[in-house]
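Visitor: Following is a predicted model, sequence given first.
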Amino acid sequence: MNDYRMIIDAEQCVGCHACEVACKQEFGAPLGYFRTMTLYLDTGTYPKVKREFLPLMCRQCESAECISACTKGALSRVNGIVEVDESKCDGCGDCVSACSIGAIYVNPFSNNAEKCNLCSHRLEVGMQPACVETCVADAIKVINSDDAIPANAKGFKNAKNDTPRTLHIGANELMKQKLRAGKSFSPLNYEINTWAEKIL
């Protein structure tokens, strides 16, 4: 039996957002909805400044709050991946409210909860997830239970009780200020409306 988990090296990420685009294309995510999002954070003081990036998606938590919150039994774990059974989901949004990073949304057209499932349909046939194949920096990997976990990889938590199986290398903890527990990833995470203010 497979036991998949994702390793994301934020230190390698170049912030190209190719993982997001590949994910949206793979699943046909509606405009304004994201299974994967790359956050950014400007740190330092001029002239020593740096823009850091953090690819983020469902962390497939060990004790997944979304599974516990679902009263319809629509979420379960398969091969280490938290999956949504669309035949049971009624779009109530309880799972969305339970996620501390906002990695789930309810599709307004299908009325089903949607989230990263590590492209399980691709893994089943020996392919890599769309984001992994697309990443130009080799910053995203999927490993199985037999593969070694990097010693410097750790869970990115936004709540004390989070138990991430997806692990990050070099994730800046200050990225948490970009997230809203119980609120799906949003285009507003890019803060485009404030860029002009920073330039001025």
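Guide: Cool, got the structure. Everything numeric in this text was worked out from a predicted model, so none of it was measured.
Visitor: Just say helix, strand or coil for V132.
Guide: At V132 the chain is in helix, as set by DSSP: H, G, I helix; E, B strand; the rest coil.
Visitor: Go ahead and confirm it touches I140.
Guide: Yes - counting by C-beta atoms under 8 Å, V132 sits close enough to I140 to count as a contact (5.0 Å). (C-beta placed from N, C-alpha, C; glycine too.)
Visitor: Tell me which of the two has more neighbours.
Guide: Using other C-beta atoms under 10 Å, the more surrounded residue of V132 and I140 is I140, with 23 against 20.
Visitor: where along this protein do the strands fall?
Guide: For the chain, applying DSSP state E gives strands covering 5-9, 36-45, 48-57, 75-78, 81-84, 104-106, 113-115, 140-143, 154-155, 167-169.
Visitor: strands paired with the fourth one, and their directions?
Guide: In other words, strand 75-78. Strand 75-78 has the following strand partners under DSSP bridges: strand 81-84 (antiparallel).
Visitor: ok, longest helix in the chain?
Guide: helix 18-27 (DSSP state H).
Visitor: What distance do you get for the residue sitting nearest the centre point of the chain to K72?
Guide: Nearest residue to the geometric centre of the chain (C-alpha atoms, centre = their mean): M57, 0.3 Å. M57 sits 23 Å away from K72, going by C-beta to C-beta, to the nearest Å.
Visitor: What separation do you get for G32 and K24?
Guide: 10 Å.
Visitor: ok, these two, which is more surrounded?
Guide: Taking neighbours as other C-beta under 10 Å, G32 and K24 compare with K24 leading, 17 against 12.
Visitor: which ones are touching the more buried one?
Guide: The neighbours of K24, taking C-beta atoms under 8 Å, 6 or more residues apart in numbering as the test, are F34, R35.
Visitor: quick one: pLDDT of it?
Guide: Looking at K24, its pLDDT reads 96.
Visitor: how close does it sit to M57?
Guide: 12 Å.
Visitor: Overlap in contacts, those two.
Guide: Counting by C-beta under 8 Å, 6+ apart, the residues touching both K24 and M57 are R35.
Visitor: in the protein, what spans have low per-residue confidence?
Guide: The model of the chain has pLDDT under 70 over residues 192-200.
Visitor: Quick check: the gap between L75 and G28.
Guide: Taking C-beta to C-beta, one finds L75 at 21 Å from G28.
Visitor: between those two, who's got more neighbours?
Guide: Comparing L75 with G28 by other C-beta under 10 Å, the one with more neighbours is L75, at 23 against 10.
Visitor: Report the spatially closest residue to that one, excluding sequence-adjacent ones.
Guide: Counting by C-beta to C-beta, 6 or more residues apart in numbering, I67 is the residue found nearest to L75 once chain neighbours are left out, at 4.5 Å.
Visitor: Quick one: residues contacting the one you found.
Guide: So I67 contacts L75, S76, R77, V82 (C-beta under 8 Å, 6+ apart).
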